[in-house]
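1. The following block contains a protein sequence and its predicted model.
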Amino acid sequence: MSDGREVWITGVGLITCLGEGLEAAWGHLERGDPPPYDDKSFAPYIVHPLCALNFDKQIPKKSDQRQMELWQRMGVYAAGLALADAGLAGKPELLDNTDMIVAAAGGERDIPADSGILTGMRKVTERGPFLNERLMSDLRPTLFLAQLPNLLAGNISIVHGVVGSSRTFLGEESAGIDAVRIAQARIAAGQSELTLVGGAYNATRWDVLLIFEQSGSTLRDHFAPVWDRGPQGGIALGNMGAFLVLESREHAQARGARAHARLSAVRADRNRRQPGEIEATLRKEWATIAGKIDRPHAGVISGAAGLEPATSAERVALKEIGLPVRNTGTYIGHGVETQFVANIGIASAALEHGKLFAPAGTGDFGSSPPDLSQVIVTGVGNWRGEGLALVERVK
């Protein structure tokens, strides 16, 4: 069923508000425990905070930790979990040939400088010249340069010794989808044997919340499941780090590695977001894999974020597909670039357990198949980018 050579998921590293590691997240989802969210620290906005972590476990040098902001520490930590899970940690003969693709946003901003500029703009009539002058004088170039997303890849290389080729993707949800798509395609085509792919997102930042608030995208005041957030909707951003180790079947078998699942296909596209176009794009992507789906044993894990009209449009397409659906955003929030990677990891756990997790909200429908062997993972961006992946049990 794979596009070319079989691509196995041999390692998963996941940290979210549900805990550290894939099984911690799965346990929470399987039980249907209440979603952990914070509606006070950044009120009126609702966020999903990171679980408690001891970063020393994956980043032993304090000097390394000090030069990383939180989002980079989360990414390096999750990458370390994935490498350990795949049996690559501490093995230079494998890490020397491990490629890396990272999808991440830019780093954290200088909040006092931004606040001062925004406050000052209220008091001047010529905002353009004022803004240019303050940006030139207040912002530190070193702060910006230290937060470029390719430095996450650099820090993973330094801390964990991953020294194959390296690529960085920047561009919200589409970046995460394309990172996985290209990683899978390169292995399937024989251009890579072993790839670490993933990213990290720090949602508990006033600057990030300001960006989403300016477009009216944030979930405010009252928490609700993703599917039940009303006609306007809203995104509850979530802190998370997620990485996968993808590997050709031949390479994995030669070194005796086990597979969580097979990543058989990844599709990515985008449209102008005119009415009906999200549904049309998802239908087109679905058509490329529909003939290979064993419907009695298949389900969907949705990455819907809660923002309208994207969430309702995805729901229309999922109703047409007609498979049981579960959404993770209600539980872990929305991690933008990282969401698609995290959901593929969760899909692999569902396949290993042979079932979907508990439903939450009115948009989760259908009983779990009795012997789950295929999961379709969807990802619809908050304002651009649509993708899906087919994840299958390895027999």
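-> Great, that's in hand. In this text, all values refer to a predicted model and were calculated from it rather than measured experimentally.
2. okay, CA-based contacts and neighbour counts for the rest of this
-> Fine.
3. Give the phi and psi angles for the residue of the chain positioned farthest from its centre, as a check.
-> The C-alpha centroid of the chain is most remote from Thr125, which lies 41.7 Å away (C-alpha atoms, centre = their mean). Backbone torsions of Thr125, given as degrees, to the nearest 10, read phi -90, psi -30.
4. And for Ser302?
-> Torsion angles, degrees, to the nearest 10, at Ser302: phi -90, psi 140.
5. What does the pLDDT read for it?
-> Model confidence at Ser302, given as pLDDT, is 98.
6. Dig out what it forms beta bridges with.
-> On the basis of DSSP bridges, Ser302 is bridged to Asn327.
7. Then Gly241?
-> On the basis of DSSP bridges, Gly241 is bridged to Ile15, Ala200.
8. got the contact list for it?
-> 13-16, 71, 74-75, 77-78, 198-201, 338, 342 (C-alpha atoms under 8 Å, 6 or more residues apart in numbering).
9. And for Val162?
-> 95-100, 156.
10. Which strand or helix spans it?
-> Taking DSSP states H and E as the definition, Val162 sits outside all helices and strands.
11. Then Leu390?
-> Taking DSSP H and E as the definition, Leu390 sits inside strand 386-392.
12. Please convert the contacts of Val162 to TSV, extending it with distance to Val325.
-> Below are these laid out as TSV (distance: C-alpha to C-alpha, whole Å):
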residue	distance to Val325
Leu95	37
Asp96	40
Asn97	38
Thr98	34
Asp99	33
Met100	31
Ile156	34
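13. What separation do you get for the closest residue to Arg384 other than its chain neighbours and Gly385?
-> Nearest residue to Arg384 in three dimensions, chain neighbours excluded: Arg270, at 6.2 Å (C-alpha to C-alpha, 6 or more residues apart in numbering). According to C-alpha to C-alpha, to the nearest Å, Arg270 stands 4 Å off from Gly385.
14. Report the buried residues of stretch 201-213.
-> Neighbour-count burial for stretch 201-213 flags 201-204, 207, 209, 212-213 (criterion: 16 or more other C-alpha atoms under 10 Å).
15. again, but for stretch 317-333
-> For stretch 317-333, by 16+ other C-alpha under 10 Å, it's 317-318, 321, 323-333.
16. next one: stretch 180-189
-> Here stretch 180-189 shows 180-188 as buried, counting by 16+ other C-alpha under 10 Å.
17. The spatially closest residue to Asn155 that is not a sequence neighbour - how many residues pack around it?
-> Spatial nearest neighbour of Asn155, chain neighbours left out: Val76 (6.9 Å); criterion: C-alpha to C-alpha, 6+ apart. Neighbourhood size, Val76 [other C-alpha atoms under 10 Å]: 32.
18. which residues touch Val76?
-> 58-59, 152, 155-156, 159 are the contacts of Val76 under C-alpha under 8 Å, 6+ apart.
19. Go again with 10 Å.
-> Taking C-alpha atoms under 10 Å, 6 or more residues apart in numbering, we find Val76 in contact with 13, 55, 58-59, 65, 68, 70, 82, 152-160, 199-200, 241-243.
20. Looking at the contacts of Gly241, which gets the smallest pLDDT?
-> Trp71 (92).
21. Assign that residue to helix, strand or coil.
-> helix (DSSP: H, G, I helix; E, B strand; the rest coil).
22. And it, how far from Ile46?
-> 19 Å.
23. With Val180 instead?
-> 28 Å.
24. I'd like the contacts of Val162 written out as JSON lines, with distance to Ala287 and pLDDT added.
-> Formatted as JSON lines, these follow (distance: C-alpha to C-alpha, whole Å; pLDDT from 0 to 100):
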{"residue": "Leu95", "distance to Ala287": "37", "pLDDT": "98"}
{"residue": "Asp96", "distance to Ala287": "38", "pLDDT": "96"}
{"residue": "Asn97", "distance to Ala287": "35", "pLDDT": "96"}
{"residue": "Thr98", "distance to Ala287": "33", "pLDDT": "98"}
{"residue": "Asp99", "distance to Ala287": "31", "pLDDT": "98"}
{"residue": "Met100", "distance to Ala287": "30", "pLDDT": "98"}
{"residue": "Ile156", "distance to Ala287": "37", "pLDDT": "97"}
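25. that older thread, list the ones among the buried residues of stretch 317-333 that fall in strands.
-> 325-327 (DSSP state E).
26. Quickly name whichever of the residues you listed is closest to Phe223.
-> Asn327 (15.4 Å; C-alpha to C-alpha).
27. If I look at the closest one, what pLDDT would I see?
-> Model confidence at Asn327, given as pLDDT, is 97.
28. Read off the pLDDT value for Thr142.
-> 55.
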